[in-house]
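Chemist: What follows is a predicted structure for the sequence shown.
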Amino acid sequence: MKNVTLKLFILFNLLTITAMAQTKGRFEVHDLGNFTLHVYYTNDALGDASYIIEGKDALVTMEQPLFKDNVAEFDAYLSKLGKTVETRITDYHVGGTGNHEVVMAEGMPQFTKGEIYGGMMKGFAQAFGDALTDMPTGKASEVAFGTTQTWAGVPFE
């Protein structure tokens, strides 16, 4: 019986250490021919993913992380790529963009200032407190639906 208890104790501690070691996200990189897609799995309470599209000479980010630890990790990775961020595309994930200008789908800048999105963010603030990054302060431009924009040499529809 002692042996089984000891084994369970060791197993539990190993699982706890493993879970604690996985507090931050991870990146996957996919070569898609004319660009490289970097997917950042935040491993946060919301289970989000953020994206970096790497063109030949520049970068585009999509849906940056919301939690401070993830923002720091994402930004450090971004800087290691050694290219300028040409555009930051955001929709629901406006956090993590700081004072940078962002591009949003038509109508989203106003929606993020409304009571539905604002209520969701207030709920997150109550649930996660100081772990959340500050809300962005940069200018938001809108892109009309049904148009194609090219950033970092990559067409976006």
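Modeler: Cool, got the structure.

Chemist: Show me the shaky parts of this protein.
Modeler: Scanning the chain for pLDDT under 70 picks out 1-23.

Chemist: could you redo the last one with a cut-off of 80?
Modeler: Counting by pLDDT under 80, the chain contains low-confidence ranges at 1-23, 92-93, 95, 135-137.

Chemist: so where do the strands sit in it?
Modeler: Secondary structure of the chain (DSSP state E): strands at 26-31, 36-41, 49-54, 58-62, 84-89, 102-105, 140-143, 149-151, 154-156.

Chemist: who wins for proximity to Phe128 among those strands?
Modeler: Nearest to Phe128, of all the strands of the chain, is strand 49-54, at 16.8 Å by C-beta to C-beta. From N, CA and C alone the C-beta is placed, and that goes for glycine too.

Chemist: Can you list the buried residues in the closest one?
Modeler: Ser50, Ile52, Ile53, Glu54 (16 or more other C-beta atoms under 10 Å).

Chemist: send the alpha carbons of it over as PDB?
Modeler: Listed next in PDB are the C-alpha coordinates belonging to strand 49-54 (Å, rounded to 0.1, in the frame of the first residue of the first chain):
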ATOM      1  CA  ALA A  49      -4.700  31.900 -30.700                       C
ATOM      2  CA  SER A  50      -2.900  34.800 -32.300                       C
ATOM      3  CA  TYR A  51      -1.200  35.000 -35.700                       C
ATOM      4  CA  ILE A  52       1.800  36.500 -37.400                       C
ATOM      5  CA  ILE A  53       1.900  36.500 -41.200                       C
ATOM      6  CA  GLU A  54       5.500  36.900 -42.300                       C
END
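
Chemist: Report the angle between that strand and strand 84-89.
Modeler: Interaxial angle of strand 49-54 relative to strand 84-89 (axes from the mean of the first three to the mean of the last three C-alpha atoms, to 10 degrees): 140 degrees.

Chemist: in its sheet, what does strand 49-54 sit against?
Modeler: Here strand 49-54 is paired, per DSSP bridges, with strand 36-41 (antiparallel), strand 58-62 (antiparallel).

Chemist: Need the winner for burial among those strands.
Modeler: Ranked by mean neighbour count, those are led by strand 58-62 with a mean of 21 (mean count of other C-beta atoms under 10 Å).

Chemist: Report the backbone C-alpha coordinates of it in CSV.
Modeler: C-alpha atoms of strand 58-62 as CSV (Å, rounded to 0.1, in the frame of the first residue of the first chain):
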residue,chain,number,x,y,z
ALA,A,58,7.3,42.8,-43.4
LEU,A,59,4.9,41.3,-40.8
VAL,A,60,1.1,41.4,-40.2
THR,A,61,-0.3,40.4,-36.8
MET,A,62,-3.9,39.2,-36.3
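
Chemist: Great, nothing more from me.
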